[in-house]
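In: Sequence first, then the predicted structure, then my questions.
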Amino acid sequence: MIQTNQRHIDYRELCAEIGQSPEQLARLRETGDYAGTTKSVKTVLDGRNRAAAISSPAGAPSDPHLHADFHEWWIIMAGEVAYEIGEYEQIVASFGDIVLAPCGYRHDIKPHKGDQCIRMVVGLEDSNHDLKGLPHPRTLPIPEDWEPPNMIHTRLEYMTERHGLETNWGEVVLLDQRNRVNMIHSLPGQSNRPHWHPDMDEWWFVAKGQIEWKVGDEGPFVAGRGDIVFVEAGYSHEITTVGDESSIRYAVTAPDVVHHFLDDPDAPRPPRV
Ligand SMILES: [Fe+2]
Ligand SMILES: [Fe+2]
């Protein structure tokens, strides 16, 4: 069973835990009854966000609503998921894409293609869904000249075409009062500057490649495509791209995150090992 804030959530385990069995899918095709076909698991509670991976088969009914008090966003983890956000035309998002519904923007989420369309929602722990039933107001095209951060739809492919895969790069793709999401591309062998954060849990989604984490004194582990890694405040973390392929990870932190670097002799030592 996957635990919330597990150090390392394996993608295949997550897909298996919230996916439909072949029997359930056969019954769905026979009856067209989607009752009970959506399953979820809470992945992260970091003091700012509640994140949960939600799996539904394509065609599952949607429940359009809006939130008056926070920006909600999603990382697509499997299949294709269609979104109507605010007054914008429908977008279709796939693996590694980030979708944002700014505060007050109605969102209608339709599992679009695949037996298992997985989105990881990141929102408030106590968010409510009381504001429902509004129709799509009007249809505007997505502006073509938008750039990060905070695009309605940040496609992974757009980011890799924008920066290429030949150099190390990072770009902030989401930034609000609660979160900064940095998309980081690293070449094989590349490491971060090991550090720790005094008052903030950090977590990552791996979109590409193989990445080794060394957390405090724990033994190293390698996370791959689709995996989620969580590190509590106070633990040092060293992150290295391993294998032959470059890696892409999304680092989710507070916008005003404090870093204490291990190679800085004047910096305090991490309190947790
Ligand atoms: Fe929502
Ligand atoms: Fe960090």
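Out: Done, it's in. In this text the structure is predicted, and so the values were computed from the model without any measurement. Ligands and ions are numbered 1, 2, ... in the order given.

In: Now do the helix or strand hosting residue 207, average pLDDT.
Out: Residue 207 belongs to strand 202-208 when assigned by DSSP states H and E. In this model, strand 202-208 has a mean pLDDT of 98.

In: Pull out the buried positions in the helix or strand residue 171 falls within.
Out: Using DSSP H and E, residue 171 sits in strand 169-175. Neighbour-count burial for strand 169-175, counted by 16 or more other CB atoms under 10 Å, picks out 169, 171, 173, 174. Just so you know, the C-beta spots here come from the backbone N, C-alpha and C atoms, and that holds for glycine as well.

In: list the helices and strands that strand packs on?
Out: On a contact count with 3 or more CB pairs under 8 Å, 6 or more residues apart in numbering; DSSP states H and E, strand 169-175 meets strand 98-101, helix 156-163, strand 180-186.

In: sorry, back to before: gap between the helix or strand following the strand holding residue 207 and the chain center?
Out: Downstream of strand 202-208, the next assigned helix or strand under DSSP H and E is strand 210-215. In terms of CA atoms, centre = their mean, to the nearest Å, the gap separating the centre of strand 210-215 from the centre of its chain is 18 Å.

In: Can you show me the CA trace of strand 210-215 as PDB?
Out: In PDB, the C-alpha atoms belonging to strand 210-215 read as follows (Å, rounded to 0.1, in the frame of the first residue of the first chain):
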ATOM      1  CA  GLN A 210      17.000   7.800 -13.900                       C
ATOM      2  CA  ILE A 211      17.800   9.900 -10.800                       C
ATOM      3  CA  GLU A 212      19.600   8.900  -7.600                       C
ATOM      4  CA  TRP A 213      18.700  10.500  -4.300                       C
ATOM      5  CA  LYS A 214      20.900  10.500  -1.200                       C
ATOM      6  CA  VAL A 215      18.800  11.700   1.700                       C
END
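
In: which residues are contacting that strand?
Out: 7-8, 186, 194, 220-224, 229, 231, 235-243, 245, 247, 249 (CB atoms under 8 Å, 6 or more residues apart in numbering).

In: picking up where we left off before, wait, which of the helices and strands packed on strand 169-175 is closest to residue 70?
Out: With CB to CB, the closest approach to residue 70 among the helices and strands packed on strand 169-175 belongs to strand 98-101: 9.6 Å.

In: And the contacts of that closest one?
Out: 66-67, 71-76, 81, 83, 85-86, 91, 93, 107, 119, 150-154, 173-174, 181, 250.
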